[in-house]
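1. here you go, sequence then predicted model.
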Amino acid sequence: MTQNNSDRDTVSLMAEIGRKARAAARPLATAGAERKHAALIAMAEAILRGEARILEANAIDMKNGEVAGLSDSFLDRLKLDAKRIRAIAEGVRAIAELKDPVGEVTAEWDRPNGLHIERVRTPLGVIGVIYESRPNVTADAGALCLKAGNPVILRGGSDSLNSSSAIHACLVDGLWAADLPADAIQLVPTPDRAAVGEMLKGLSGNLDVIIPRGGRSLVERVQNEARVPVFAHLEGICHLYVDASAKLDMAVDIAVNAKMRRTGICGAAETLLVDRAVASSHLVPVLSALRQAGCEIRADEETLRMFSEAQPAVDADWVTEYLDAIIAVRLVDGVSGAIEHIEAFSSHHTEAIVAEDAGAVEKFFNQIDSAILLHNASTQFADGGEFGMGAEIGIATGKMHARGPVGVEQLTSFKYRVRGSGQVRP
């Protein structure tokens, strides 16, 4: 197949981005905590100063999205306003105040032969982040990678390119202010899908790890095609289980918040499981509160008989990340039934139990293999910021290296420093 000029241009562009990122790796890894902190503070200030410019860019993206017929939930993820821009700046500032992980000694010990061994945190290297239309990820990912001493190549969704470009300009301002390489945070400037393909190939060895953040199709493509390690975040099919021991008022409040606070985030509950033993007392109040909040209910046959406002669930509902005001509902036989359902249909992202029975909680925690488990709290707390990490690039659902919120520490590797006094091995 003949390669057209556009493809060749994209290949050349991405190769140059990769070379620049690699060149920035060593000066960034040795920059020191104070300079990185200064850069991040300058970035936060630049974002606040650039509010009008960012909003103008976002208005273009929003208009284009509406013309393209994007869903309401998609547009909500794309939309910026003054409050969200302040939150983005506050997130960057919070990352700045985190403890710098680079150089931290995580373990040390002495050997009988007198060798002193230390395990020390180091940057991972050049990170590629491929994400869909959430402009805030531009700032979160850029700031987190910088804090951990990693150059980053950001490839956001084409629907948010104007917004992401405006935010990226503020990040570059912060790098310049702290005399750090501007190439430490690069945004792929083209919507050409071939750019993603080049990142998946590893940019001629210049990319060390890829983090995808988006829907199933994006993540599956990255996992299937990437020639470099991937921090996997498949999707958020998150479950909320209401146990027989749950307090009714708490169950209602948590269910409404877990589903409806923000329906378009990966921590939104997509399936509600209720213990059959309290169906007569808990099911209708919880579902009524969800319906009053504007949520569509898709339920199994038993639930339908008790709540006529629901729609019949089909098999696909148990494996769908709606990212919308829709929830699937099923009655189960206690915590064992909930565990069985979750293990069959979960994406291993986040699950929550509402219960007062300590035994049920321990069984739920011990037998479910998901990255995040919550007791008597909304699934919407599945967030690096809420974990005190300042921000996150995503929630990793794999088991290698990082799992759960991918924050600053998860963006580091380690090396061993061994100090001797002339020892030789016999």
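-> Received the coordinates, thanks.
2. quick one, what contacts the residue nearest the centre of the chain?
-> In the chain, the C-alpha nearest the mean C-alpha coordinate belongs to Gly394, at 1.5 Å (Cα atoms, centre = their mean). The neighbours of Gly394, taking Cβ atoms under 8 Å, 6 or more residues apart in numbering as the test, are Tyr131, Ile211, Pro212, Arg213, Phe231, His233, Cys266, Pro405, Val406. In short, each C-beta sits where N, CA and C put it, glycine included.
3. least confident pick among these?
-> Here the lowest pLDDT out of the contacts of Gly394 sits on His233, with 71.
4. right, and that one touches Pro212 too?
-> Yes. Counting by Cβ atoms under 8 Å, His233 does reach Pro212; the two are 6.4 Å apart.
5. on that earlier part again, now the phi/psi pair for the residue nearest to the centre of the chain, please.
-> phi 170, psi -180 (degrees, to the nearest 10).
6. one more: His168?
-> Dihedral angles (degrees, to the nearest 10) for His168: phi -60, psi -40.
7. quick one: pLDDT of it?
-> 98.
8. if I look at it, how far off is Met43?
-> 10 Å (Cβ to Cβ, to the nearest Å).
9. overlap in contacts, those two.
-> Gly142.
10. which of those two has more neighbours?
-> Met43 (30 against 21; other Cβ atoms under 10 Å).
11. not counting sequence-adjacent ones, nearest residue to the more buried one?
-> Gly174 (3.1 Å; Cβ to Cβ, 6 or more residues apart in numbering).
12. shouldn't the one you found be in contact with Lys36?
-> No. With contact defined as Cβ under 8 Å, Gly174 does not reach Lys36; the gap is 10.0 Å.
13. now the contacts of Gly394: which count as buried?
-> Burial by neighbour count, judged by 16 or more other Cβ atoms under 10 Å, picks out Tyr131, Ile211, Pro212, Arg213, Phe231, His233, Cys266, Pro405, Val406 from those.
14. and the residue nearest to the last one when sequence neighbours are not counted, how far from Asn136?
-> Spatial nearest neighbour of Val406, chain neighbours left out: Ile393 (4.6 Å); criterion: Cβ to Cβ, 6+ apart. For Ile393, the distance to Asn136 (Cβ to Cβ) stands at 11 Å.
15. cool, and Asp300?
-> 36 Å.
16. next one: Leu70
-> For Leu70, the distance to Asn136 - Cβ to Cβ - is 17 Å.
17. cool, Ile130 as well?
-> 16 Å.
18. re the thing from before, spit out the residues that contact His233 and Pro212 alike.
-> With Cβ under 8 Å, 6+ apart, His233 and Pro212 have common neighbours Val219, Gly394.
19. surely Leu304 meets Pro312?
-> Yes. With contact defined as Cβ under 8 Å, Leu304 counts as touching Pro312 (6.2 Å).
20. of those two, who's got more company?
-> Of the pair Leu304 and Pro312, Leu304 is the one with more neighbours under other Cβ under 10 Å, namely 17 against 11.
21. which SSE is that one in?
-> helix 301-306 (DSSP states H and E).
22. pull out the buried residues from the longest helix seen in the chain.
-> If each helix of the chain is counted by residues according to DSSP state H, the longest one is helix 5-29. Using 16+ other Cβ under 10 Å as the test for burial, helix 5-29 gives 10-11, 13-14, 17-18, 20-25, 27-29.
23. give me the helices and strands touching that helix, please.
-> The contact analysis (3 or more Cβ pairs under 8 Å, 6 or more residues apart in numbering; DSSP states H and E) places helix 5-29 against strand 116-123, strand 152-155, strand 185-187, helix 194-201.
24. partner strands of the shortest one, with direction?
-> Strand partners for strand 185-187, identified by DSSP bridges, are recorded as strand 152-155 (parallel).
25. likewise the first one?
-> Based on DSSP bridges, the strands next to strand 116-123 in the sheet, each with its direction, are strand 105-110 (antiparallel), strand 412-419 (antiparallel).
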